[in-house]
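**Student:** task: produce atomic coordinates for the following.
(2 chains)
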Amino acid sequence: NAGVTQTPKFRVLKTGQSMTLLCAQDMNHEYMYWYRQDPGMGLRLIHYSVGEGTTAKGEVPDGYNVSRLKKQNFLLGLESAAPSQTSVYFCASSYFREDTQYFGPGTRLTVL
Amino acid sequence: TQLLEQSPQFLSIQEGENLTVYCNSSSVFSSLQWYRQEPGEGPVLLVTVVTGGEVKKLKRLTFQFGDARKDSSLHITAAQTGDTGLYLCAGARISSGSARQLTFGSGTQLTVLP
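**Tutor:** Alright, predicted model coming up:
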C-alpha cells in the first residue's frame, strides 16, 4: 500500500495563477483533510471531507476550494494564488469516527 | 492565538539527557495525540491519550494527559540522536458536523546532539 500520496511535491506560482493539488489514499478511508503548515503555526485545517461527494470548511478556508468526486481522491484548488498562500500543504486521511490521521509527504508551494 | 500552546518551541540537548515537552490549553479535548515529524515528511502518530490522568509509555517516551483533559506532556528518557524531530501535539474535538477535527500545537523542534 502506498498510503497517502500527494502531487506535486514542489511548485512555484506567480501571484494570480491557479493550480490544483492532488491527494490520493489507498486505505479506503472515509475522512480526508487538507492542512497548511507555516513556521511557528503548527498545522491548520483548510477543508475536510467526511465522505465521497462531501466537503466542509476548516479553520482557514478562504482562497481555497476542494472537491471529493471519488472516495480515494481529495483535490485542493487555489483559484488566484497570493503570496500569503506560500506554505507546505499536507493531506491526511482517517477511518470514520477514528482520530488517527495518516499524512502524506507534503507539497511545498511558493507564490511569488 | 494558538488554542494549543507548546513549550519549549526549540530544545537542543546532548545524547543521554532527559527532557519534557509541554502542551497546554484552556479548552477541553476528547483526546490528545502526539506526532513526530521528520524534515520533508508528514507527521506520524506516536500515541493517543483519551482518559484524564492517563499515562502511556512507548519505550523511552512517556505521555501523560492532564486530569482535566486540557494539557499533556511528553517525557523522553536518555534521548538518542534518532529522537531528533518536530514534536506536535493535537487535540481532538467533535465539530458540529460530527467530524473529529484536530487542533495542532505549534510544535517543539528537538535536536539531540551526539
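
**Student:** in the helix or strand where residue B:93 lies, what counts as buried?
**Tutor:** Secondary structure assigned from DSSP states H and E places residue B:93 in strand B:85-94. Using 16 or more other CB atoms under 10 Å in any protein chain shown as the burial criterion, the residues of strand B:85-94 that qualify are B:85, B:86, B:87, B:88, B:89, B:90, B:91, B:92. C-beta: built from backbone N, CA, C; applies to glycine.

**Student:** who does the next helix or strand after that strand touch, helix- and strand-wise?
**Tutor:** Sequence-wise, the next helix or strand downstream of strand B:85-94 (DSSP H and E) is strand B:100-104. The elements that strand B:100-104 packs onto, with contact taken as 3 or more CB pairs under 8 Å, 6 or more residues apart in numbering or on different chains; DSSP states H and E, are strand A:42-49, strand B:85-94.

**Student:** need the contact partners of strand B:100-104.
**Tutor:** Strand B:100-104 has contacts (CB atoms under 8 Å, 6 or more residues apart in numbering or on different chains) with A:31, A:35, A:42-45, A:48, A:58-59, A:94, A:97-99, A:101, B:3-4, B:29-30, B:33, B:88-95.

**Student:** so how do I select the buried members of these in PyMOL?
**Tutor:** Buried residues within the contacts of strand B:100-104, by 16+ other CB under 10 Å, are selected in PyMOL with:
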select buried, (chain A and resi 31+35+42+43+44+45+48+58+94+99+101) or (chain B and resi 4+29+33+88+89+90+91+92)
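
**Student:** strand partners of whatever helix or strand residue B:45 lives in, parallel vs antiparallel please.
**Tutor:** Using DSSP H and E, residue B:45 falls within strand B:44-49. As defined by DSSP bridges, the strand partners of strand B:44-49 come to strand B:31-37 (antiparallel).

**Student:** what angle separates the strand it pairs with from strand B:85-94?
**Tutor:** 150 degrees (axes from the mean of the first three to the mean of the last three CA atoms, to 10 degrees).

**Student:** who's in contact with strand B:31-37?
**Tutor:** For strand B:31-37, contacts defined as CB under 8 Å, 6+ apart pick out A:99-100, B:23, B:43-50, B:63, B:65, B:69, B:72, B:74, B:85-92, B:102, B:107.

**Student:** can we see that at 6 Å?
**Tutor:** A:99, B:43-50, B:63, B:65, B:72, B:74, B:85-92 (CB atoms under 6 Å, 6 or more residues apart in numbering or on different chains).

**Student:** the residue of chain B found nearest chain A: neighbour count?
**Tutor:** At 2.9 Å from chain A, residue B:42 is the closest residue in chain B, using CB to the nearest CB. Using other CB atoms under 10 Å in any protein chain shown, residue B:42 is surrounded by 23 other residues.

**Student:** in contact with it, which residues?
**Tutor:** Neighbours of residue B:42 in contact, by CB under 6 Å, 6+ apart: A:90, A:103, A:104, A:105, A:106.

**Student:** which stretches of chain B aren't confidently modelled?
**Tutor:** B:1-2, B:94-100 (pLDDT under 70).
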